[in-house]
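**Student:** Take this sequence and fold it.
(one chain, ligands or ions: 1)
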Amino acid sequence: MSLDIQNIRSQFPILNREVNGKPLVYFDNGATSQKPKVVLDVLDEYYEKYNANVHRGIHTLSQEATDLMEESRRKIQAFINAKHDHEVIFTRGTTESINLVANTIGQLLTADDEIIITEIEHHSNIVPWQLVTQRTGAKLKYIPLTAEGILDIAKLDELLTDKTKLVCVNQVSNALGVVNPIETIIKKAHAKGAWVLIDGAQSVPHTKIDVQALDADFLAFSGHKMYGPTGIGILYGKEEILNQLPPFHGGGEMIKDVTMEVSTYACLPFKFEAGTPDVAGIIGLGAAVDFINSIGIEAIHDYEEELVNYTIERLSEFEEVVIYAKDAKHAGAVSFNLKLDGVHSSDVGMILDKKGIAVRTGHHCAQPIMHHFGIPGTVRASFGIYNTKEEIDTFIDGLKTAIRMLG
Ligand code: PMP
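**Tutor:** Sure thing, here's the model as predicted:
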């Protein structure tokens with residue numbers, strides 16, 4: 001079935017605007033996606049009709065807001081195929097989800113334990129682990145990269161030991177758009193008794209995730225990269241593991257009983273949801289999941305794969321262009337540079353912006369991978385369901401101008 005992309009585009013009001021006198025070509029979806037009208041409407045509707053604090057009052061508005069919030073939780077549960085809705089924890093985003101795991105597991109770590117991450121992580125899957133290993137004396141190890149910039153997965157066998165508590169890896173790299181072999185990583189880690197955290201910030205918007213089929217222990221992702229609002233994210237965790245972890249933030253809603261001496265904690269998911277949640281954001285994320293389901297995540301995946309392949313094909317026309325990890329499997333994004341002396345990725349980004357084309361340039365909050373290539377940054381084109389091959393042609397024309405001007 002072919003998708004009606006013009007119809008999908010018409011659902012995104014922002015795509016009607018011009019930038020520097022040109023129609024917007026938005027290729028910065030890896031940073032954040034645009035929002036469809038259904039998501040924008042649901043935010044308004046919430047504040048106009050249902051606004052109340054949740055799980056507290058017995059009054060009608062509070063009950064309605066609570067019901068909408070819990071309905072969203074169940075939509076997300078179904079979307080990732082979690083076994084229980086209470087395995088879906090609302091956070092502010094991928095960053096907070098990873099910090100939740102790092103800080104709670106961190107309370108259980110000793111100097112004898114080991115955490116494994118990779119050289120191709122976003123800073124939000126590096127820095128929390130540096131902080132927690134510095135605090136506890138646990139050892140932080142990295143799965144290295146091949147010269148091409150893909151995970152050297154054969155090295156994982158040497159890194160995994162009986163001391164490994166957790167392996168943390170992104171499913172799709174935000175810096176290069178490369179798909180990592182998380183199925184293999186999960187199998188190898190579990191064989192050693194270690195848990196696995198998947199950073200799904202760049203995979204959940206682009207590909208079907210089934211946490212039970214994957215046997216993932218944790219999955220972190222952000223609403224704003226999957227057509228939902230900013231400020232809302234998800235931590236999925238297996239029930240039996242979440243139950244073993246101490247609380248993260250202390251405050252209202254996460255307790256069972258509080259005395260002046262001691263507190264006992266609420267059951268899942270509330271144990272990890274202290275304070276007033278972003279009710280509007282949660283309901284907006286539920287609407288974003290409905291939007292994705294109305295197209296089908298498999299159809300989104302296949303269409304975006306075409307866009308990525310076409311981009312790689314068109315970029316390959318230029319001898320001035322180097323595409324990173326070109327032959328690896330990509331999802332949603334392609335990263336490249338111009339091989340021209342003294343030219344920085346931001347020079348390319350600025351010329352493209354003059355033509356209304358939004359790309360991301362720089363280190364993409366993934367400096368270790370930039371150090372690996374010995375570069376300060378790349379140009380990244382990242383896609384959403386509303387992008388088209390015609391837009392890629394416009395982008396390629398813009399790139400020709402950039403090469404002419406900078407060469
Ligand atoms: N991990 C990856 C792979 C990402 O791409 C991002 C966002 N660029 C994050 C984590 C952090 O997400 P957020 O800023 O939404 O918390």
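**Student:** What count of nearby residues applies to the spatially closest residue to Pro144 that is not a sequence neighbour?
**Tutor:** Leaving aside its sequence neighbours, Pro144 sits nearest to Asp152 (CB to CB, 6 or more residues apart in numbering; 5.0 Å). Backbone N, C-alpha and C define where each C-beta goes, glycine included. A total of 14 residues lie near Asp152 under the criterion other CB atoms under 10 Å.
**Student:** Contacts only, for the residue of the stretch 251-400 of the chain found nearest the ligand.
**Tutor:** Of all residues in the stretch 251-400 of the chain, Cys365 sits closest to the ligand, at 5.9 Å by CB to the nearest ligand atom. The contact partners of Cys365, by CB atoms under 8 Å, 6 or more residues apart in numbering, come to His122, His123, Ser124, Asn174.
**Student:** how about 10 Å then?
**Tutor:** By CB atoms under 10 Å, 6 or more residues apart in numbering, the residues touching Cys365 are Ala31, Thr95, Glu121, His122, His123, Ser124, Asn125, Ile126, Val127, Asn174, Ala175.
**Student:** Give me the subset of those lying in helices.
**Tutor:** Of the contacts of Cys365, the ones assigned to helices by DSSP state H are Thr95, Val127.
**Student:** Filter the contacts of Cys365 down to the buried ones and hand me the ChimeraX line.
**Tutor:** Buried members of the contacts of Cys365 can be picked out in ChimeraX with the line below, counting by 16 or more other CB atoms under 10 Å:
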select :95,121,122,124,125,126,127,174,175
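**Student:** For the closest residue to Lys208 other than its chain neighbours, list the residues it contacts.
**Tutor:** Once flanking residues are discounted, Lys208 sits nearest to Ile297: 4.9 Å by CB to CB, 6+ apart. Shown in contact with Ile297 (CB under 10 Å, 6+ apart): Phe79, Val204, Pro205, His206, Thr207, Lys208, Ile209, Met226, Val289, Ile385.
**Student:** which of those residues lies closest to Arg17?
**Tutor:** Ile385 (18.3 Å; CB to CB).
**Student:** these two touch, right, that closest one and Ala288?
**Tutor:** No: under the criterion of CB atoms under 10 Å, Ile385 is not in contact with Ala288, lying 11.5 Å apart.
**Student:** who touches both of those two?
**Tutor:** Common neighbours of Ile385 and Ala288 (CB under 10 Å, 6+ apart) are Ser33, Pro36, Pro205, Tyr227.
**Student:** does the most centrally placed residue in the chain count as helix, strand or coil?
**Tutor:** The centroid of the chain falls nearest to Ala201 when counting by CA atoms, centre = their mean (0.8 Å). Secondary structure, DSSP: H, G, I helix; E, B strand; the rest coil: Ala201 is coil.
**Student:** just Ala274 next, same as before
**Tutor:** Ala274 is classified as coil under three-state DSSP.
**Student:** how many other residues sit next to it?
**Tutor:** Considering only other CB under 10 Å, Ala274 is surrounded by 18 other residues.
**Student:** Over to His224?
**Tutor:** 23.
**Student:** which residues does the closest residue to Gly106 other than its chain neighbours contact?
**Tutor:** Excluding its sequence neighbours, the residue lying closest to Gly106 (CB to CB, 6+ apart) is Val132, at 3.8 Å. Taking CB under 10 Å, 6+ apart as the contact definition, Val132 lies against Asn99, Val101, Ala102, Asn103, Thr104, Ile105, Gly106, Gln107, Leu109, Ile115, Ala138, Leu140.
**Student:** Let me see the mean pLDDT of stretch 9-16.
**Tutor:** Across stretch 9-16, pLDDT averages out at 98.
**Student:** element containing Ile89?
**Tutor:** strand 88-91 (DSSP states H and E).
**Student:** Confirm that Arg380 sits in a strand.
**Tutor:** Yes: per three-state DSSP, Arg380 lies within a strand segment.
**Student:** what residues are up against it?
**Tutor:** Contacts of Arg380 by CB under 10 Å, 6+ apart are 27-31, 174-177, 324, 333-336, 345, 349, 359-362, 364.
**Student:** Taking strand 378-382 as reference, get the angle to the helix or strand Met350 falls within.
**Tutor:** Taking DSSP H and E as the criterion, Met350 maps to helix 345-354. For helix 345-354 against strand 378-382, the angle by axes from the mean of the first three to the mean of the last three CA atoms, to 10 degrees is 40 degrees.
**Student:** which outside residues touch the next helix or strand after helix 345-354?
**Tutor:** Next helix or strand after helix 345-354 toward the C-terminus (DSSP H and E): strand 357-358. Residues outside strand 357-358 that contact it (CB under 10 Å, 6+ apart): 19-20, 22-29, 31, 349, 351-352, 381-382, 391, 394-395, 397-399.
**Student:** Output the contacting helices and strands for whatever helix or strand comes next after strand 357-358.
**Tutor:** Of the helices and strands lying after strand 357-358 in sequence (DSSP H and E), the nearest is strand 360-362. Judged by 3 or more CB pairs under 10 Å, 6 or more residues apart in numbering; DSSP states H and E, strand 360-362 is in contact with strand 333-338, helix 345-354, strand 378-382.
**Student:** To Gln11, which of those lies closest?
**Tutor:** That would be strand 378-382 among the helices and strands packed on strand 360-362, by CB to CB, at 19.6 Å.
**Student:** check whether that closest one contacts the ligand.
**Tutor:** No: using CB under 6 Å from any ligand atom, strand 378-382 never reaches the ligand; the gap is at least 9.3 Å.
**Student:** Now do that strand: distance to the chain's middle.
**Tutor:** Computed by CA atoms, centre = their mean, to the nearest Å, the chain-centroid distance of strand 378-382 equals 16 Å.
**Student:** Now do it against strand 333-338, angle only.
**Tutor:** 150 degrees.
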